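# sequence and predicted model, in that order:
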Amino acid sequence: MTSKPRITIVDEHDEIIGYKERGTLKKEDIYRVSALWITDSRGRILLARRHRTKSHHPRKWGPAVAGTVDEGETYEENIIKEAEEELGLKGIRPIKGQKIWVDDEYRYFTQWCTLTIDRGIDQFTIQENEVEEIKWYSPEELRKGFKSVLKSSCRR
């Protein structure tokens, strides 16, 4: 029987202080996340809708790929593994971007990466227990979507 990978736990300076089994994190625990923004040569952005069964942000749209860093992985190794698992992308070389600190419902560091790839939606192989759907969006579509969300939230 193989044990599940453990999540890397870090301090406020992103230094590793330990590891925990998935599902055992406490509010004070800080962990690592890697995330990948994928664009194409036309400037479109690939977004993914998280699966309805996910404990964190089910059915929410977000970056094309994201994952929690496991014991023994770097941020970069994790995002390459997640891109292959979630979208079927092999041999990618993402570009490392900004790392941000998030302290809201959960506490974590996110290492952002970017990748430009020209591929139709049907050329991705999504991991159905992680991702419900993916879609290319133009920057204009995203701006319009955000404006409508802002308008509806201001009416409440």
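It's in.
# tell me where this protein has strands.
All strands of the chain, identified by DSSP state E, fall at 6-10, 16-21, 30-39, 45-50, 61-63, 65-68, 95-103, 107-116, 131-137.
# what's the residue closest to the geometric middle of the protein?
Nearest to the mean C-alpha position of the chain, counting by CA atoms, centre = their mean, stands Ala66 at 1.9 Å.
# report the contact partners of the closest residue to Asn129 other than its chain neighbours.
Using CB to CB, 6 or more residues apart in numbering and skipping residues adjacent in sequence, the residue nearest Asn129 is His51, 5.9 Å away. Where C-beta positions appear, they are placed from N, C-alpha and C, glycine not excepted. By CB atoms under 8 Å, 6 or more residues apart in numbering, the contact list for His51 reads 58-59, 128-132.
# point out where this structure drops to low pLDDT.
Along the chain, the model assigns pLDDT under 70 to residues 1-2, 55, 57, 146-156.
# against Glu128, how distant is Asn78?
For Asn78, the distance to Glu128 (CB to CB, to the nearest Å) stands at 20 Å.
# okay, those two: which has more neighbours?
Asn78 (24 against 10; other CB atoms under 10 Å).
# quick check: Glu77 vs Ala83, distance?
Glu77 is 11 Å from Ala83, where distance means CB to CB.
# give me the more crowded residue out of these two.
When Glu77 and Ala83 are compared for neighbours, Ala83 comes out ahead with 26 against 13, by other CB under 10 Å.
# would you agree the more buried one is in contact with Arg93?
No. In this structure Ala83 lies outside contact range of Arg93 using CB atoms under 8 Å: 10.6 Å.
# tell me the contacts of the residue nearest to Gly97 when sequence neighbours are not counted?
In this structure, Gly97 finds its nearest non-sequential neighbour in Trp112, 4.1 Å apart by CB to CB, 6+ apart. The contact partners of Trp112, taken as CB under 8 Å, 6+ apart, are 35-37, 63, 97-100.
# buried subset of those, written for PyMOL?
To isolate the buried ones among these in PyMOL, judged by 16 or more other CB atoms under 10 Å, type:
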select buried, resi 35+36+37+63
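# in TSV, list the contacts of Trp112 along with distance to Phe124.
Below are these laid out as TSV (distance: CB to CB, whole Å):
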residue	distance to Phe124
Ala35	17
Leu36	13
Trp37	15
Pro63	14
Gly97	21
Gln98	25
Lys99	26
Ile100	26
